[in-house]
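Visitor: Sharing a model that was predicted from the sequence below.
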Amino acid sequence: MNNTFKANLIKTIANKKGNKGFTLIELLVVVIIIGVLAAIALPNLLGQVGKARESEAKSTLGAMNRAQQTAFAERGEFAESIAQLEVPVGNEKFYGIFVSSSNPGQMGAVGITRTDAGDVDVVGADANGKNGTRDYAAAINYDDVARTFSTVVCRASNVQANQDIQYNIHGALTADTNNAKVIASPATAVAGITSGGVVDAPTLAACDTNNTEEVK
């Protein structure tokens, strides 16, 4: 008797559920709500993903600033190439790291994508647009009177000019011909820096506030 009651109850519930459905208006309301939530949440999500990827540039350039201090202590001058710094770079997923050969003490990180072999593929605006990242710059100065170093790490700021170029402040850079996993050292000053590589004046390393902001 009990089993029969249970069977009938389950059958009744199943029939009621089977007969009840959603109206077109209800479905449309649900779709609209999902669309609104997605429109609000997706940009925030992508922004957080981009910031997480940017930590790669921030930490690597911070390490390079410290390595420049060691290089200066050993040779009396800043390194003008990654090889001289002896910092293990080239495995970064979203950034190509480089050192200015004409302005030692100035360094940068430009957005990239890589091939399956790990070589630098796309460089600059298109890579930043795909990865949701921004270019970075870094610099170090030495005050020969106080005998102290000053360092700075800068990030492409949110000004409209940077937005228009996908935060690619370093322009068209290429892979190193001797090592396709890193960016060739440009023979120019690094964009985003107003003071870097100074070794004989009490001048602090500084970001160019026109297009970058200091990263703490």
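Guide: Received it, and whenever you're ready, just let me know what you need. These numbers come from a predicted model, not from an experiment.
Visitor: need the contact list for the residue nearest to residue 214 when sequence neighbours are not counted.
Guide: Distances taken as C-beta to C-beta, 6 or more residues apart in numbering put residue 207 closest to residue 214, at 5.0 Å, once the chain neighbours are dropped. Placement of C-beta: from N, CA and C, glycine included. By C-beta atoms under 8 Å, 6 or more residues apart in numbering, the contact list for residue 207 reads 137, 152, 154, 192-194, 213-214.
Visitor: Toward the C-terminus, what is the element adjacent to the longest helix anywhere in the chain?
Guide: When the chain is parsed with DSSP state H, its longest helix is helix 24-75. Proceeding N to C from helix 24-75, the next assigned helix or strand is helix 82-85, under DSSP states H and E.
Visitor: The chain: strands as residue ranges?
Guide: Under the criterion DSSP state E, the chain contains strands at 95-99, 106-114, 120-123, 136-143, 148-156, 193-195, 206-207, 212-214.
Visitor: and the shortest one, how far out from the chain's middle?
Guide: This means strand 206-207. Strand 206-207 sits 18 Å away from the centroid of its parent chain (C-alpha atoms, centre = their mean, to the nearest Å).
Visitor: what's the answer for the fifth one, then?
Guide: The chain centroid and the centroid of strand 148-156 are separated by 17 Å, computed with C-alpha atoms, centre = their mean.
Visitor: strand partners of it, parallel vs antiparallel please.
Guide: As defined by DSSP bridges, the strand partners of strand 148-156 come to strand 136-143 (antiparallel), strand 212-214 (antiparallel).
Visitor: Among those, show me which one is buried the most.
Guide: Among the strands paired with strand 148-156, strand 136-143 has the highest mean neighbour count (mean count of other C-beta atoms under 10 Å), at a mean of 27.
Visitor: middle-most residue in the protein, spatially?
Guide: Residue closest to the average C-alpha location in the chain (C-alpha atoms, centre = their mean): residue 54, at 2.6 Å.
Visitor: Return the per-residue confidence for that residue.
Guide: Listed pLDDT for residue 54 reads 93.
Visitor: check contacts around it.
Guide: Taking C-beta under 8 Å, 6+ apart, we find residue 54 in contact with 94, 133-134, 136, 155.
Visitor: swap in residue 161?
Guide: So residue 161 contacts residue 211 (C-beta under 8 Å, 6+ apart).
Visitor: now swap in residue 99 and tell me
Guide: Residue 99 touches 64, 79-82, 84-85, 106-107, 185, counting by C-beta under 8 Å, 6+ apart.
Visitor: Try it again at 7 Å.
Guide: Applying C-beta atoms under 7 Å, 6 or more residues apart in numbering to residue 99 gives the contacts 79-82, 85, 107, 185.
Visitor: just residue 94 next, same as before
Guide: Shown in contact with residue 94 (C-beta under 7 Å, 6+ apart): 53, 56, 111-112, 131, 133.
Visitor: possible to save those as JSON lines with distance to residue 203?
Guide: Listed next are the contacts of residue 94 as JSON lines, based on distance: C-beta to C-beta, whole Å:
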{"residue": "53", "distance to residue 203": "32"}
{"residue": "56", "distance to residue 203": "29"}
{"residue": "111", "distance to residue 203": "29"}
{"residue": "112", "distance to residue 203": "31"}
{"residue": "131", "distance to residue 203": "34"}
{"residue": "133", "distance to residue 203": "30"}
